[in-house]
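Novice: This is the structure alone, sequence omitted:
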């Protein structure tokens with residue numbers, strides 16, 4: 001069973017920064033495509049950013065371009081640097097992993113999910 005675990009959420013003021021981390025691990029050595037989604041109560045889970053298994057391709061939602069940056073190490077750990085945070089960035093952030101080589105913005109295309117970490121941006 002593939003395990004996905006996030007960390008790094010918290011409370012920050014408008015304009016501040018946070019860094020989220022996510023690690024995926026499975027029973028066999030392999031690389032996963034990974035992504036961050038976020039969700040506000042009563043709304044659908046929203047794609048934030050994805051990165052392919054090699055880390056060479058990235059895709060950002062328009063709402064976070066220029067403010068958020070995703071990176072990954074040489075394995076299955078990814079980091080989300082969030083700068084210039086706005087109150088509308090407040091949500092539960094979920095890390096997801098997929099066996100697919102491509103980046104998909106649809107939540108249903110990700111097989112493995114973390115428990116989520118809360119990010120709150122105060123105005």
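Specialist: It's in. Since this is a predicted model, take the numbers as computed values, not measurements. Residues are numbered from 1 along each chain as shown.

Novice: contacts, neighbours, all on C-alpha from now
Specialist: OK.

Novice: Provide the strand pairings for the helix or strand hosting residue 78, with the direction of each partner.
Specialist: Counting by DSSP states H and E, the element that carries residue 78 is strand 77-82. Applying DSSP bridges to the sheet, strand 77-82 is found paired with strand 18-25 (antiparallel), strand 68-72 (antiparallel).

Novice: Can you report phi and psi for the residue nearest to the spatial centre of the chain?
Specialist: Nearest to the geometric centre of the chain sits residue 36, at 2.0 Å (C-alpha atoms, centre = their mean). Residue 36 adopts backbone torsions of phi -120, psi 130, taken as degrees, to the nearest 10.

Novice: Does it have any beta-bridge partners, and if so which?
Specialist: Under the criterion used here (DSSP bridges), residue 36 is bridged to residue 49, residue 95.

Novice: just checking, it touches residue 91?
Specialist: No. Using C-alpha atoms under 8 Å, residue 36 and residue 91 do not qualify as a contacting pair, with a distance of 11.7 Å.

Novice: Tell me where the chain has strands.
Specialist: For the chain, the strands defined by DSSP state E cover 3-7, 10-13, 18-25, 33-39, 46-51, 58-60, 68-72, 77-82, 91-98, 112-113, 117-122.

Novice: between those strands, which one is nearest to residue 104?
Specialist: Using C-alpha to C-alpha as the measure, strand 46-51 is the one of these that comes nearest residue 104, at 7.4 Å.

Novice: how much does that closest one deviate in direction from strand 33-39?
Specialist: Strand 46-51 and strand 33-39 meet at an angle of 160 degrees, taking axes from the mean of the first three to the mean of the last three C-alpha atoms, to 10 degrees as the criterion.
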